[in-house]
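In: I'll drop the sequence and a predicted model, then ask my questions.
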There are 2 protein chains.
Amino acid sequence: MATEIRERFNPDKLRIFSSRVLQGMGVPKEDADITAEMLIACDLRGVESHGIAHLGPFYVTRIRQGTITPIPRLKTSSSSPTTASMDGDKGLGFVVGYHAMNDAIDRAKQYGSGFVTVRNSSHFGAGAYYAMMALPHDMIGLALTSSWPGVVSPDGASPSVGTNPLAIAIPSGKKPPFVLDMATSVVAGGKLEIARRQEASIPKGWAVDGEGKPLTDPNKTKYGLPTGGLLPLGGKAETGGYKGFGLGVAIDILCSLLSGAGSNIFLSKLADDPGNPFNHFFGAISIGGFLPVDEFKKQMDRMTEAFESLPTVPGVEKIYLAGGPEAEIVEERKTNGIPLDERVIQTLKDLSSELNIEYELK
Amino acid sequence: MATEIRERFNPDKLRIFSSRVLQGMGVPKEDADITAEMLIACDLRGVESHGIAHLGPFYVTRIRQGTITPIPRLKTSSSSPTTASMDGDKGLGFVVGYHAMNDAIDRAKQYGSGFVTVRNSSHFGAGAYYAMMALPHDMIGLALTSSWPGVVSPDGASPSVGTNPLAIAIPSGKKPPFVLDMATSVVAGGKLEIARRQEASIPKGWAVDGEGKPLTDPNKTKYGLPTGGLLPLGGKAETGGYKGFGLGVAIDILCSLLSGAGSNIFLSKLADDPGNPFNHFFGAISIGGFLPVDEFKKQMDRMTEAFESLPTVPGVEKIYLAGGPEAEIVEERKTNGIPLDERVIQTLKDLSSELNIEYELK
């Protein structure tokens, strides 16, 4: 691997800067702060594909285009104590998701579990943040989102389901919490973006062309996605691809149908008017509803240590559970700052001059 | 594929026979009926790996060995309206699971959602049955189970997590319900059993040996599992194996830790006293808590039809959603009977003579 020295930036200053940018776009301060907090939390965890790199290209651009409403009116309806459905009014996914997840947590405090679906939202960043909002309440958190259909079924030749990620966070004691945040495709769309930037080909097994044949040229895309589609987790049928595909469909149902939006499969036919693919499903389940929290956390620590002491293949130091590596990155970046790519730094400089916001981020 | 003509049997007679066998082993009639119903439901859906083929080799044998209690005392404790935890007293997993799932459904009727964890159970057959118990109540059903650690992490060389399957069932209108029932490994252990029977090698990508290298000889096993382990869904790290592994660990946490049993990773070190790997997690979420049920079902049908009309790769007629093929098999087998392998028929004849139960199954 090439050694790359990147400039480091102060997390607090990046957060304040991001909030000011959003406020400059007409987002109320409270909502801008929520969004900035989530973006920087992503960069701190090393999930750079969903952090401040998206501030200009995704969120500012979409507010300008009118596909994100800076001051949304959120409407929630509920027909049972533990369930609710929200209309996000095309608000920033971060703000919509924050309120929906808090609603799920409040219901779980009272009844042991709570679930909120959301339709008509926008890109909500990384699901891990919402799932992790449950952790301080000694709850298991769940965050799912639907996305643009870019994944084929293992026997299909046209995209029909989103990369539809799922995030689940589970509290522990002294060890890092278990935090799984995964697309239900072999890889997330961002990996193709990286291959294109690096002018590299992509491995067989990630994507197919319009005839269902392996695609290795990351430039053969339409709307940033492979002409056929990404393969679901598991790949083709003989290696379990129907499992990843099934998970993706299940998540579309939980997000898009259970919120009243209707399946995202219909968006794939409306290329010129893509509609709104962003619907979510949030859940919280209270540990204490099953057993004493301390006992559970002790067992989480014990289990994590057992995995860490397993034999590994040569070159691998230890087996991490999901969320383990990210917890170590957070500590390092809190101390040394967040490294950013030149390309991302340039987008921040551009935002600074366009919106007349001071650029002082070190 | 070789054409194989198998004898067909009457589902009702197979069900009554199975119940009589279990009653002959000391299982109360009601519990024997529940178990028989689930076994035959599996065979009707074409899931022959979890049906009557297991009656003798699994359940009768284990009752004889004393690892399954024929008359268990189920104990449930609950600390919130929507959550509970059950001790299965090593009862038949079918009976334990049936009561736990009904408890979850009852809670969901009242509060919109319900969850029950189970420790100290036994093999519960196929998860789909429990998940599908939610369907007549217009609920989404969820059934997870932990199992014997036989799956490696993508960078590991020793098994640490079970094939830990997840089943989710979602109601529809006129189309078959969505029913996903999948191991979180590339393949379930049963696929190796079939390869051994057919004296065939297994494809690279299914399993590894004790050094983490690809295993293709299905006979290199210990306790019926590969010497290294099965690979998780996604395979090695570069094709998303950490996702399948993460799902497997999450399911162990939900089943084994949230029920108070403790992680199954510890069983892998106790080869001579394998302990009890069977813990479960059941959930039910009411559709009507989010939106009108009729509207949801209409959208499920509309979505299913859209998938069925997608272009496919050559040789594939249409894209089925999970549960679609099984729904067609049920119709055919209800009409024509359940086909059984010679080997399975012999186990039924043996049970008939051992327990003095009439063998008349056509």
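Out: Now that the structure is in, tell me what you want to look at.
In: going forward, measure contacts between C-alpha atoms and count neighbours the same way
Out: Noted.
In: which parts of chain A belong to which domain?
Out: In the assignment given by automatic domain parsing, the structural domains of chain A cover A:1-71+A:323-362, A:74-186+A:231-322.
In: next to chain B, which bits of the stretch 51-200 of chain A? Give me the list.
Out: Near chain B, the residues belonging to the stretch 51-200 of chain A are A:77-85, A:111-114, A:117, A:153, A:155-158, A:160, A:180, A:182, A:186-187 when assessed by CA under 8 Å from any CA of the partner chain.
In: can you tell me which of those residues are buried?
Out: Among those, the ones that count as buried by 16 or more other CA atoms under 10 Å in any protein chain shown are A:79-85, A:111-114, A:117, A:153, A:155-158, A:160, A:180, A:182, A:186-187.
In: which residues of chain A fall in strands?
Out: Taking DSSP state E as the criterion, chain A carries its strands at A:7-9, A:75-80, A:83-87, A:113-119, A:139-145, A:166-170, A:178-182, A:207-208, A:221-222, A:225-226, A:229-230, A:280-286, A:338-340.
In: in a markdown table, list these along with distance to A:Tyr359.
Out: What follows is the strands of chain A, written out as a markdown table (distance: least, CA to CA, whole Å):
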| stretch | distance to A:Tyr359 |
| --- | --- |
| strand A:7-9 | 11 |
| strand A:75-80 | 37 |
| strand A:83-87 | 36 |
| strand A:113-119 | 35 |
| strand A:139-145 | 33 |
| strand A:166-170 | 34 |
| strand A:178-182 | 32 |
| strand A:207-208 | 40 |
| strand A:221-222 | 35 |
| strand A:225-226 | 34 |
| strand A:229-230 | 38 |
| strand A:280-286 | 34 |
| strand A:338-340 | 14 |
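In: need the winner for burial among the domains of chain A.
Out: Among the domains of chain A, domain A:74-186+A:231-322 has the highest mean neighbour count (mean count of other CA atoms under 10 Å in any protein chain shown), at a mean of 24.
In: can you give me the end-to-end distance of that one?
Out: Between the opening and closing residues of domain A:74-186+A:231-322 we find a distance of 33 Å, counting by CA to CA, to the nearest Å.
In: check stretch A:122-133 too.
Out: The stretch stretch A:122-133 measures 19 Å between its terminal residues, going by CA to CA.
In: state the mean pLDDT of that stretch.
Out: Stretch A:122-133 shows a mean pLDDT of 97.
In: what does that stretch rub up against?
Out: By CA atoms under 8 Å, 6 or more residues apart in numbering or on different chains, the surrounding residues in contact with stretch A:122-133 are A:38-39, A:41-42, A:50-51, A:68, A:90-94, A:97-98, A:101-102, A:140-145, A:165-170, A:179-181, A:276-279, A:282-283.
In: now stretch A:296-308
Out: Defining contact as CA under 8 Å, 6+ apart, one finds that stretch A:296-308 is touched by A:171-175, A:287, A:318-321, B:160, B:253, B:257-258, B:260, B:262-263, B:265-266.
In: so how far is chain B from A:Val95?
Out: Distance, A:Val95 to chain B, using CA to the nearest CA, to the nearest Å: 21 Å.
In: grab the nearest non-local neighbour of that residue.
Out: With sequence-adjacent residues excluded and distances taken as CA to CA, 6 or more residues apart in numbering or on different chains, A:Val95 is closest to A:Asp31, at 5.9 Å.
In: that neighbour and chain B: what is the separation?
Out: The value you get for A:Asp31 to chain B, if CA to the nearest CA is used, is 26 Å.
In: any idea how far stretch A:50-60 is from the chain center?
Out: Relative to its parent chain, stretch A:50-60 has a centroid offset of 13 Å by CA atoms, centre = their mean, to the nearest Å.
In: OK, contacts around A:Pro277?
Out: A:Asn120, A:Ser122, A:Ser146, A:Ser147, A:Trp148, A:Asn264, A:Leu267.
In: against A:Ala100, how distant is it?
Out: 17 Å.
In: what does A:Gly162 give?
Out: With distances defined as CA to CA, the gap from A:Gly162 to A:Ala100 amounts to 21 Å.
In: with A:Gly244 instead?
Out: 26 Å.
In: what does A:Asp43 give?
Out: Relative to A:Ala100, and taking CA to CA, A:Asp43 is found at 23 Å.
In: can you report phi and psi for the nearest residue to A:Phe94 once chain neighbours are set aside?
Out: Using CA to CA, 6+ apart and skipping the chain neighbours, the partner closest in space to A:Phe94 is A:Phe124 (4.8 Å). Dihedral angles phi and psi of A:Phe124 (degrees, to the nearest 10) take the values phi -100, psi 10.
In: partners of the helix or strand of chain A with the lowest mean pLDDT in the sheet?
Out: In chain A, the helix or strand scored least confidently by mean pLDDT, DSSP states H and E is strand A:221-222, which has a mean of 72. When pairs are called by DSSP bridges, strand A:221-222 turns out to pair with strand A:225-226 (antiparallel).
In: biggest helix in chain A, by residue count?
Out: Using DSSP state H, we find that the single longest helix of chain A is helix A:93-111.
In: quick one, that helix and strand A:113-119 angle?
Out: 150 degrees (axes from the mean of the first three to the mean of the last three CA atoms, to 10 degrees).
In: which residues does helix A:93-111 contact?
Out: Applying CA under 8 Å, 6+ apart, the external contacts of helix A:93-111 come out as A:31, A:34-35, A:38, A:74, A:81-83, A:86, A:88, A:113-118, A:121-125, A:130, A:133-134, A:137, A:280, A:282-286, B:80-82, B:111.
In: need the helices for chain A, in chain order.
Out: So, for chain A - with DSSP H - the helices run A:11-24, A:29-44, A:61-65, A:93-111, A:127-132, A:190-197, A:241-252, A:293-308, A:324-336, A:342-355.
In: lowest-confidence stretch among these?
Out: In terms of average pLDDT, helix A:190-197 trails the rest of the helices of chain A, at a mean of 77.
In: tabulate the CA atom coordinates of that helix in PDB.
Out: The C-alpha coordinates for helix A:190-197 follow below in PDB (Å, rounded to 0.1, in the frame of the first residue of the first chain):
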ATOM      1  CA  GLY A 190     -18.700   3.900  -2.800                       C
ATOM      2  CA  LYS A 191     -16.200   1.200  -3.600                       C
ATOM      3  CA  LEU A 192     -16.800   1.700  -7.400                       C
ATOM      4  CA  GLU A 193     -16.300   5.500  -6.900                       C
ATOM      5  CA  ILE A 194     -12.900   4.700  -5.300                       C
ATOM      6  CA  ALA A 195     -12.000   2.400  -8.200                       C
ATOM      7  CA  ARG A 196     -12.900   5.000 -10.700                       C
ATOM      8  CA  ARG A 197     -10.800   7.700  -8.900                       C
END
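In: report the buried residues of that helix.
Out: A:Leu192, A:Glu193.
In: which residues does that helix contact?
Out: Contacts of helix A:190-197 with the rest of the structure, by CA under 8 Å, 6+ apart, involve A:Ser49, A:Ser201, A:Ile202, A:Pro218, A:Asn219, A:Gly224.
In: for those residues, pick the one with the most neighbours.
Out: Going through the contacts of helix A:190-197 with other CA atoms under 10 Å in any protein chain shown as the criterion, the one with the most neighbours is A:Pro218, at 23 neighbours.
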